Each structure stands twice: as C-alpha cells, then as structure tokens.
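> Quick one, fold the following:
(chains A, B, C and D)
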Number of protein chains: 2
Amino acid sequence: MPGINEVAELAGVSTATVSRALSGNGHVSAATRERVISAASELGYVVSSNASSLATGRTKNVGVVIPVLNQWFYSSVLQGAESALLANGYDLTLYNLGGGADERRSVFEHFLLRKRVDAVIAVSLELTAGETTRLLDMNKPIVGVGGPLPGVRTLSIDDVAIARLATEHLLSLGHTTIAHIGGNKEYERDFHLPTNRRVGYESALEAAGIPVDPELFQTADFTMRGGYQAAKQLFGNPRKRPTAVFAASDEMAIGTILAARDLGLEVPEDVSVIGIDDHDLSDFFGLSTVAQFPELQGRLAVEILMDQLHPSRRTQGTLNTSLPYELIVRSSTARVSNRRR
Amino acid sequence: MPGINEVAELAGVSTATVSRALSGNGHVSAATRERVISAASELGYVVSSNASSLATGRTKNVGVVIPVLNQWFYSSVLQGAESALLANGYDLTLYNLGGGADERRSVFEHFLLRKRVDAVIAVSLELTAGETTRLLDMNKPIVGVGGPLPGVRTLSIDDVAIARLATEHLLSLGHTTIAHIGGNKEYERDFHLPTNRRVGYESALEAAGIPVDPELFQTADFTMRGGYQAAKQLFGNPRKRPTAVFAASDEMAIGTILAARDLGLEVPEDVSVIGIDDHDLSDFFGLSTVAQFPELQGRLAVEILMDQLHPSRRTQGTLNTSLPYELIVRSSTARVSNRRR
DNA sequence: CTGAAAGCGCTTACAG
DNA sequence: CTGAAAGCGCTTACAG
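Numbers count the residues shown, from 1 in each chain, chains lettered A, B, ... in the order given. Below you'll find the predicted structure:
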C-alpha cells in the first residue's frame, strides 16, 4: 500500500502539495496537480481515511440508527439514506438498535461516540435528553426521522392528517360504517403512531357527524396476519358489519382484503379497504392507500444533515420538517353499494 | 471531549498505562486499572477510533457490500450480519452496490480501499479477479455470500439440491404434471441461480422418469406479481394444466396461490404449490417451501471473518461452506387428488 | 508493572 | 504556488 510519501516522491513535490492537489483544498498549479494525480493513480494510491480523519476531525461517515432492518418501511428509509450519502461522498455506518436499553447504551458509548461519525440519523428512535445533549455537545448534527425530538432537527409525518385523509376518502364514497384497525400499544413508543392514526380516524368521523363506535375498532401488530385476524373479528360481527375498513398500515390492509375474500365478501363491492404506506405489495393487491415515501424520508434526512455539515450551503430551515403524503386510489375502495342491506 | 491525556493526569499515570488498562493489552496492576477505569468513566472518556486505528492498523469495522436493501432476503442477511458484528464489537459500514460498474468502481476505489474496513462481506456480488486480488493484497479478509468466488472463502447454498428437494416433495405426493416458475435471465448474474434451480427441478423429474415439458415452464422476476402472471399462464393452458407448481421463490409461489384462487382453483385440493425461501409471509399463506436461512447466512459470514481476523481462534475450514436448507411442509401441498381428471 | 518516546499517515497554519 | 514542520490522539516496542 503506497503512502502519501511515495506519491510525493514520484511526483517530485512535498507531501503537503500532494495532499492539496488530491483534496482540492488550497491552491496548486495545474501542472503540478496533473503530475500528482498521475503519480497517485500510477501507484494506486488512496488516502487513509483514518489518518485524514485524525488530522481534520472529519470522518465523512454518518451513523444511521434504525430499529429493524427487514421491514419494508425501515429498509426503504435506509436505502434512501444510503444512496444519498453515497452521492455526497459519505459512508454509512449502520447501527441496528432493536433491543433493550443495554444494547442501546452500548452502541452509544462504544460506537457512536468514538468519533467515528460526523453525524447521526436516528430513525424512529426516541433519544433521551442525555443522549441528545451528548451528541450535540460533541458538535455532531443529528436528524431524527419519525417524530419530534427535543432540540433536534427532525422529519416527521402528520399521522393525524394522514389518517383523517384516508377516512375522509371512505366517507366521501358514502360509507358510514367504517371500522379501524389500529396498532398495538407495543408500537406506541414510535411517537404514538397508533394513537395519532386513531385520532385522525375519529376526528374525521366526528366532523362528519358520525359517532365513534368501539365495536368498529380492533388493534393488531402491523403485519398481514395481524390485519387478517382483526378483520375477521370485524367482519364476523353479526350485528354491525362495516362497509369499509381503514387499516393503519398497508400490510394490515392486505390482510383485511384476504380476510374478506375468505369470508366470501368481495372487495370493493361488499367492503372497501384502505391502508397507509404504499407498500411494495399494495399495487399488486389493488390497495387504495395514503402513500408515505420512506426512501424520500431517508434522502431528506441526508440533505438536512449535509446542510448542517456544510454550513456554507446552509439553507437554514425550521427545526421540524413535515413529510409529504399522498392519497392513492386503487381498486379496493368504491362507493358504498346497494348490495348491502 | 476529554482525551487520553486528561484521563492519564486524573489517574496519575502515563498515557501508555491508560491505553493498556483500557484496552486490556499488556499488563497493568489491578489497582492501577481501577484508577484508570474510574478516571475514564468520570470524564466520560471514549477512545478515538481514528487515532486507535491509525496506530494499530485495525479499524474494528467491516464493510458489507449488498445489491439491494429492501428485499426480504438481503435485508435478512444484513440483519444477521449486523447483530453478529455488533456482538463481536465491530461496526458495519454499508455499501449498497446495486447499480452499474461505475458506481461499483467508485465504491471500491474511494471507500473500501481507504483502509476504512478490516474485512469485507460481499453478498451476491461477483467480484472481478482484479478486485479480489486487490483486497487480498491489502490483507483484508473477504467472505462471499451467495456463490463461489475464486480464491475467496464463500458461503453458498446448493441451489440444485434445494430445487430437487422441492420437486421430489411434489413427486412423492403423486404429482406428475409439475410446472416450474423460474427466474429471469436478469437474475442469472447471481451465480446462475435461476438455471441451477431449473436444473434441480429437471433432474428430479428425470430421475422419476418424467420427461421435462417446456409447456410447464415459465419465468418471472421473483416478485409476487410476476409469479401471479406466470401462474395464470400455466393454469390457463387448456390442454395441460399442472397439478403442482414449484416456484423458485416464495414470493412467486404466493403469487401462484393467489392466481389459483382467482381462477377458482383450490390449493392444495386442485393444485399444490411449493416455493423456496421461507419468506416472512409464507407461514401466513400456508406455503410449503424449502427454507434457506438468510439471517443465519449473515451470521455465519461474520463468524468466518472473525476466524480470519483473529487467527488465534482460527478453525481453518474449507474455502467454501455449504449453507443449510430445510423442507417445510405446510398446507399448500397435498397428495394429487382424485378430483382431477 | 510502568514510562518516555517514536510512529501511525495524513492536513494545515505559517513562511516564503 | 509550494515546502518544512507541528499536530491530530492513540499504541507499542524498548527500557527499566
């Protein structure tokens, strides 16, 4: 492995000049730059990032802390962040922080803080005040994805508004018996996502003058199977079968479609179904949904970070950025039918 | 940010001793160690990984190169690798190398080789001889997951055997008109996966004395939708409808189940379906399959790497390690029924 | 068991 | 525009 000295020697200049020519910091005559560059490529030289980081204090590396990897939403955020980071010349160091407080403390202490990263993207992670302070004290920008974090720039989506929009879509089609499959309390820690979506659903109903009926509410674990089971409960109710179901995620909504089919109900003739996400599979199932764009979320997080890392091009925004969402109507929702009753 | 000097001062020892006490390399008296450790924690000291790496030449960081992030198989491999790496005290730097040769060269030149990582896990990536040589020359262990790489330790699965097993399962249930939905050529680059699975299917048929019929073969893109469409073709064939379908992935197999339902065929009464993977959704759909264990694959890759990184605990294995697989019979396969013909 | 000092491979004021 | 030299924060022979 050739070092900077060898390049300097071959090019007939000092190591300082090599550093300047290759990094673009500081002036170097065009001719010299040429010589340096060709010497470097001849030797196959590539700077040692450790040495460079130690000297400059910058690592060109961003830590991404994410609770799960193999779920559509999270892996999409990760994908978006990765490609944006790569485009900006940054590496991505991955910290999968599913578990308990211990694992988490360990990651913070032993990894994040080792000056290994210039900044942190925290996905769906509620940092404690101490953790935030510590990172900020070190002058490491943080951006949170998924919910507001005190004192930290965040990207978040208006879950109440999304849920209201989905429900209003059903209302506008004439439905009045609209059930909701929400998330378990287990998912409450993610910035009260289940509650927010439920609140959006209820507020839409109330605005339409329709009383909220606890019989039309079920919870599940955001999976297809969970949605399927919850939907069976709903559809099986002999005295109050919903004509429409709003599920808090597309996977649960797909489970709902499958449950309807298994009960001999047709979608959307007998029951309309809408979800939230615009999951990979939703188009295939013809599912109407409110799209959130996780890849975009990852990309936006990187953009915000770059602004903070390179204050020159700083566009100074607000502390919290709202994420876009969009109603996508496919074939799982339709006007309430006469076939019913 | 306190440095090692401050810890040394507070503990009343030299920086050398601090380093030794904290890292565990070299002898330090118990009393001194105590003092150092409490001084360090009092100051909130944590070593700078850059400085440490520069001095030792080791980064405690492993690069994982992976073609896609948001697909079940790959994200599961990643998850397995991540947790195993974390457990071993290593960081994971992620390189998502979907694209073209350019992006790829760029990653190699500008990232991997910057001495940022101690080792590389290459998932489903055919490295060129040059790339392999270069990494090996730098003394960076590599382990490939997904297929044999010349001169590199690899983990691979016997796709021919898996496909044969799946097909034999159908044969043993009395099926003789068995269709296969294989992968597109587009996926051939992944170590000829589609071809290998097709070969396994055909060899099982031949061993059973059943001629291979091109009318019973379709290709798709490994997605549910692709499987659905291919299955419709198969089931729609008026003169040769299969009684069983072996799909080269679970997502395609699930698509097949849905296609059957939409045509009014019952699974498994009218048609048996088997896939490969044991995807997250397979249990929910009652899909019989041959499981491969991607998380385990990620974990094993890390183990092999650790053996090479820490030759002390070297268990010196062969160059290529075969991955386990297992037939899982659920409710999508059954004895060929009398209802047919 | 412990310390003084060299060295890891860069970058960047400071001079010129 | 370019070079000599200090410094980034550790680790580790080398002595003792």
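> ok, residue A:294 touching residue A:77?
Yes: counting by Cβ atoms under 8 Å, residue A:294 touches residue A:77, with 4.6 Å between them. Any C-beta I mention is one placed from the backbone N, CA and C, and that applies to glycine too.
> Tell me, what's the model's pLDDT at the residue in the stretch 151-300 of chain A positioned nearest to DNA strand C?
Taking Cβ to the nearest atom of the strand, DNA strand C has its nearest neighbour within the stretch 151-300 of chain A at residue A:153, 25.2 Å off. Listed pLDDT for residue A:153 reads 88.
> Report how many residues lie close to it.
For residue A:153, the count of nearby residues is 20 (other Cβ atoms under 10 Å in any protein chain shown).
> before we move on, what about residue A:213?
14.
> What residues does it make contact with?
residue A:240 (Cβ atoms under 8 Å, 6 or more residues apart in numbering or on different chains).
> before we move on, what about residue A:320?
A:148, A:153-156.
> Apply 7 Å and report the result again.
By Cβ atoms under 7 Å, 6 or more residues apart in numbering or on different chains, the residues touching residue A:320 are A:148, A:154, A:156.
> Residue A:292 now?
A:157, A:276-277, A:323, A:325.
> Return the member of those residues nearest to chain B.
residue A:277 (12.7 Å; Cβ to the nearest Cβ).
> Which pLDDT value belongs to the closest one?
At residue A:277, the pLDDT recorded in the model is 97.
> cool, and residue A:316?
Each residue has a pLDDT score; the one for residue A:316 is 53.
> what do you get for residue A:107?
Predicted confidence (pLDDT) for residue A:107: 70.
> Spatially nearest residue to it, not counting backbone neighbours?
residue A:95 (5.1 Å; Cβ to Cβ, 6 or more residues apart in numbering or on different chains).
> Likewise for residue A:135?
Nearest non-adjacent residue to residue A:135 (Cβ to Cβ, 6+ apart): residue A:142, at 5.3 Å.
> give the contact list for residue A:140.
Contacts of residue A:140 (Cβ under 7 Å, 6+ apart): A:117-120.
> oh sorry, the question was meant for residue A:256
Contacts of residue A:256 by Cβ under 7 Å, 6+ apart are A:181, A:227, A:231, A:245, A:247, A:273.
> any low-confidence regions in chain A?
Applying pLDDT under 70 to chain A picks out residues A:98-103, A:105-106, A:109-113, A:311-318, A:338-341.
> Which positions in it make contact with chain B?
Proximity of chain A to chain B (Cβ under 7 Å from any Cβ of the partner chain) is limited to residues A:1, A:46-51, A:53-54, A:59, A:69-70, A:72, A:75-76, A:78-79, A:82-83, A:91-94, A:96, A:109, A:111, A:113-116, A:138, A:224-225, A:281, A:284.
> Please enumerate the helices of the stretch 201-341 of chain A.
A:224-236, A:250-262, A:294-309 (DSSP state H, counting those that start in this stretch).
> And the residue nearest to residue A:324 when sequence neighbours are not counted, how far from chain B?
Leaving out its chain neighbours, the residue that sits closest to residue A:324 by Cβ to Cβ, 6+ apart is residue A:293, at 6.5 Å. Counting by Cβ to the nearest Cβ, to the nearest Å, the gap from residue A:293 to chain B is 13 Å.
> What count of nearby residues applies to residue A:293?
Residue A:293 has 19 neighbouring residues, counting by other Cβ under 10 Å.
> and the spatially closest residue to residue A:304 that is not a sequence neighbour, what element?
Excluding the flanking residues, the one nearest residue A:304 by Cβ to Cβ, 6+ apart is residue A:143, at 4.9 Å. Under the criterion of DSSP states H and E, residue A:143 resides in strand A:142-145.
> Check whether residue A:46 really touches residue B:108, as I assumed.
No: judged on Cβ atoms under 7 Å, residue A:46 makes no contact with residue B:108 at a distance of 9.7 Å.
> quick one, what contacts residue A:132?
A:142, A:149-152.
> List only those of those flagged as buried.
Among the contacts of residue A:132, those classed as buried by 16 or more other Cβ atoms under 10 Å in any protein chain shown are A:142, A:149, A:152.
> Quick check: the gap between residue A:15 and residue B:138.
Counting by Cβ to Cβ, to the nearest Å, the gap from residue A:15 to residue B:138 is 21 Å.
> Now do the strands in the stretch 51-200 of chain A.
Taking DSSP state E, counting those that start in this stretch, the strands of the stretch 51-200 of chain A run over residues A:61-66, A:91-96, A:119-123, A:142-145, A:153-156, A:178-183.
> Could you say which one of these comes nearest to residue B:165?
strand A:91-96 (32.3 Å; Cβ to Cβ).
> Give me the helices and strands touching that closest one, please.
Applying 3 or more Cβ pairs under 7 Å, 6 or more residues apart in numbering or on different chains; DSSP states H and E, we find strand A:91-96 packed against strand A:61-66, helix A:72-87, helix B:72-87, strand B:91-96.
> Which of the ones you listed sits closest to residue B:195?
helix B:72-87 (18.0 Å).
> Would you mind getting the angle between the closest one and strand B:119-123?
160 degrees (axes from the mean of the first three to the mean of the last three Cα atoms, to 10 degrees).
> Check which residues of helix B:72-87 are buried.
B:72-86.
> and the angle for it with strand A:91-96?
Using the same axes, to 10 degrees: helix B:72-87 against strand A:91-96 is 80 degrees.
> and the angle for helix B:72-87 with helix B:294-309?
Using the same axes, to 10 degrees: helix B:72-87 against helix B:294-309 is 40 degrees.
> would you put the C-alpha positions of helix B:72-87 in CSV?
Output of helix B:72-87 as CSV, limited to C-alpha atoms (Å, rounded to 0.1, in the frame of the first residue of the first chain):
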residue,chain,number,x,y,z
TRP,B,72,-36.6,-9.8,2.3
PHE,B,73,-33.6,-12.0,1.5
TYR,B,74,-31.0,-9.2,1.5
SER,B,75,-32.3,-7.3,4.5
SER,B,76,-32.3,-10.5,6.5
VAL,B,77,-28.7,-11.3,5.6
LEU,B,78,-27.9,-7.8,6.6
GLN,B,79,-29.7,-8.1,9.9
GLY,B,80,-27.9,-11.3,10.7
ALA,B,81,-24.5,-9.8,9.8
GLU,B,82,-25.2,-6.7,11.8
SER,B,83,-26.1,-8.3,15.0
ALA,B,84,-23.2,-10.7,14.8
LEU,B,85,-20.8,-7.9,14.1
LEU,B,86,-22.2,-5.9,17.0
ALA,B,87,-21.7,-8.8,19.3
